[in-house]
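> here is a sequence with its predicted model. Questions after.
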Amino acid sequence: MACRISELVIDAADPEALAVFWSNVLGYVELGREDDGSIEIGPPDAGFGGPQPTLVISPSSDPRRGKLRLHLDVSATDRDQDAELERLLALGAGPADVGQSGAESWYVLADPEGNEFCLLRARIRPL
């Protein structure tokens, strides 16, 4: 038997805004809130325990230091990479420089709180 990733937790200065951003990026919905201000978002049809992990956006006032050691990769499901890049930028993502050469087939972006993620070229089938 093996483990499965069920949740990813992201610390945020503004959990509300980051939950809205990632919900729009991933097509997720709010699943619940905790007394500590954490907001869990996930797939609308499955929620926690489904085939995709949920995201828990947790409040934190700790400053981020340097490049993240773990980041998310996303792939468009219904449009090409350039159209998805335009959509992500309109949602509030921004370009990020983590030392890429410029010849990569992916775009390095940052969410509104500066957390890096990559938009891959490959389009994948929606669940």
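Looks like it came in fine.

> domain-wise, how is this protein divided?
1-61, 70-127 (automatic domain parsing).

> now the ones you listed as CSV including mean pLDDT?
Shown next, in CSV, are these (pLDDT from 0 to 100):
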stretch, mean pLDDT
domain 1-61, 94
domain 70-127, 93
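
> strands of the chain, start to end?
In the chain, the strands defined using DSSP state E lie at 7-12, 29-33, 39-42, 54-59, 72-74, 94-95, 107-110, 116-119.

> any chance of a markdown table for those strands, columns distance to Ser23 and mean neighbour count?
All C-beta atoms are positioned from the backbone trio N, CA, C, and that covers glycine. Formatted as a markdown table, the strands of the chain follow (distance: least, CB to CB, whole Å; neighbours: other CB atoms under 10 Å):
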| stretch | distance to Ser23 | mean neighbour count |
| --- | --- | --- |
| strand 7-12 | 12 | 16 |
| strand 29-33 | 6 | 14 |
| strand 39-42 | 5 | 22 |
| strand 54-59 | 9 | 21 |
| strand 72-74 | 13 | 15 |
| strand 94-95 | 18 | 10 |
| strand 107-110 | 16 | 19 |
| strand 116-119 | 15 | 19 |
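
> nearest to Gly66, of these?
strand 116-119 (10.7 Å; CB to CB).

> contacts only, for Gln52.
The neighbourhood of Gln52, defined by CB atoms under 8 Å, 6 or more residues apart in numbering, consists of 42-43, 46, 127.

> can you give me the helices in this protein?
With helices called from DSSP state H, the chain shows them at 15-26, 81-91.

> nearest to Arg64, out of the ones you listed?
helix 15-26 (12.6 Å).

> dead centre of the chain: give me the residue that sits there.
Taking CA atoms, centre = their mean, the centroid of the chain lies closest to Trp22, which sits 5.1 Å from it.

> isn't it up against Glu30?
No - judged on CB atoms under 8 Å, Trp22 makes no contact with Glu30 at a distance of 10.6 Å.

> so what sits against both of those two?
Joint contacts of Trp22 and Glu30 (CB under 8 Å, 6+ apart) are Ile41.
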